[in-house]
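J.: need coordinates for the below:
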Amino acid sequence: MKKIITILTFLVTLNGFSQTNNTNIKLKQKYISLKGYKALFGKSLTKEDSLLFVIHKSDTLIPFPDDNTQLKGVKVKYVEKDSVFLDIYEDIVFKKYFYNQKSSTSHLKMRYWKDEIKIYFANNIDAEVKSALTKFANYLNKEVDSLKISYTDTISHSNFIIYNFNSKDDKKYDERIKDFYNDYYISWKENQRIYDCKLQLNSNYYKDKSDFISATKILFLKSLGHLNFTDLLPKESYLSSHYSNTKEFTEKDLEILKYHYSYGICKGTDLKTFQEQHKRAKQVLKETGMPYYIIQTY
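T.: Okay, the predicted model is just below:
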């Protein structure tokens, strides 16, 4: 299994001078942090390499290799967000305030789908519910980069099963989900990539089908990143923990999902790492004006 290494680093272009025949020639060189170099290229530095070290704003830097072909991955410019948005995002992904209230440190990590989601609808799914959920999934597939959703009529070709469980006569696709609950169960790899989901629906709790459809869409949305509710969003939002009888998928919900699937942030991190990386990125942007990059290597 290939393991993803997500490195948050920055390339700095430093100016230097060399003297040849009494003529000053201005040189430009890109540098990478020592920690980032070791993680990206998986090798230690030689004694000769150490002669090239540069100290820049308390960081140890080394010249970035001219031949970038050895770097297998994608370099994406860091996506900057304000503190208000990040506060909401951290609560949705890491349960930031849930754990703080319990005087505990969150060990939750950012989880997401890398491979294409292939949905199989069980035969007992109501046609109207299936149509509404398909329309919603197609909309997200179109609007969110890196999120790929398709459908299959062959269960063995799927990695996302949606089924109704209203009675013991209905087939249950995952025993880890409690009977008669609206819930899902996802599985993920060590790199926090989700690879399987069983989404269970129960319409018995709903008198109004429109309410059931909204609940189904919300559950589907949460399964795309093991997302949680937050008190920080207006009550109408799908991801708000506040009650409302008029829930809707808002622009803020969409912004959060787009950000979650953006490669301008590090993937698979915990809350502490996520916050440290953003703090460092903002500091670099403020102090140097230099681009800050996310390098995703596989």
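J.: list the contacts of the residue sitting nearest the centre point of the chain.
T.: Nearest to the geometric centre of the chain sits residue 260, at 3.9 Å (CA atoms, centre = their mean). Taking CB atoms under 8 Å, 6 or more residues apart in numbering, we find residue 260 in contact with 89, 93, 110, 112, 224, 225, 227. (C-beta placed from N, C-alpha, C; glycine too.)
J.: can I have the buried ones of the residues you listed as a PyMOL selection?
T.: Selection command for PyMOL covering only the buried members of these, criterion 16 or more other CB atoms under 10 Å:
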select buried, resi 89+93+110+112+224+225+227
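J.: narrow the contacts of residue 260 to those in helices?
T.: Within those, residues falling in helices by DSSP state H are 89, 93.
J.: and the contacts of residue 260, which is closest to residue 276?
T.: Proximity of these to residue 276 (CB to CB) peaks at residue 110, which lies at 13.8 Å.
J.: for that closest one, what are its contacts?
T.: Taking CB under 8 Å, 6+ apart, we find residue 110 in contact with 93, 94, 192, 225, 260, 267, 268, 269, 270, 274.
J.: quick check: chain neighbours aside, which residue is closest to residue 261?
T.: Sequence neighbours aside, residue 146 is the residue nearest to residue 261 in space, at 4.5 Å (criterion: CB to CB, 6 or more residues apart in numbering).
J.: measure that neighbour to residue 201 for me?
T.: 27 Å (CB to CB, to the nearest Å).
J.: looking at the two, which one has more neighbours?
T.: Per other CB atoms under 10 Å, whichever of residue 146 and residue 201 has more neighbours is residue 201, with 27 against 12.
J.: beta partners of the more buried one?
T.: residue 164 (DSSP bridges).
J.: isn't it up against residue 162?
T.: Yes: contact criterion CB atoms under 8 Å: residue 201 and residue 162 qualify, at 7.0 Å.
J.: mind listing the shared neighbours of the two?
T.: Listed as contacting both residue 201 and residue 162 by CB under 8 Å, 6+ apart are residue 125.
J.: hmm, back to that, any chance of a markdown table for the contacts of residue 110, columns pLDDT and distance to residue 185?
T.: As requested, the contacts of residue 110 are exported to a markdown table (pLDDT from 0 to 100; distance: CB to CB, whole Å):
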| residue | pLDDT | distance to residue 185 |
| --- | --- | --- |
| 93 | 96 | 18 |
| 94 | 94 | 20 |
| 192 | 93 | 16 |
| 225 | 97 | 15 |
| 260 | 97 | 20 |
| 267 | 88 | 22 |
| 268 | 88 | 20 |
| 269 | 89 | 23 |
| 270 | 90 | 21 |
| 274 | 90 | 25 |
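J.: in JSON lines, list those residues along with distance to residue 282.
T.: Formatted as JSON lines, those follow (distance: CB to CB, whole Å):
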{"residue": "93", "distance to residue 282": "19"}
{"residue": "94", "distance to residue 282": "18"}
{"residue": "192", "distance to residue 282": "24"}
{"residue": "225", "distance to residue 282": "23"}
{"residue": "260", "distance to residue 282": "19"}
{"residue": "267", "distance to residue 282": "19"}
{"residue": "268", "distance to residue 282": "21"}
{"residue": "269", "distance to residue 282": "16"}
{"residue": "270", "distance to residue 282": "19"}
{"residue": "274", "distance to residue 282": "13"}
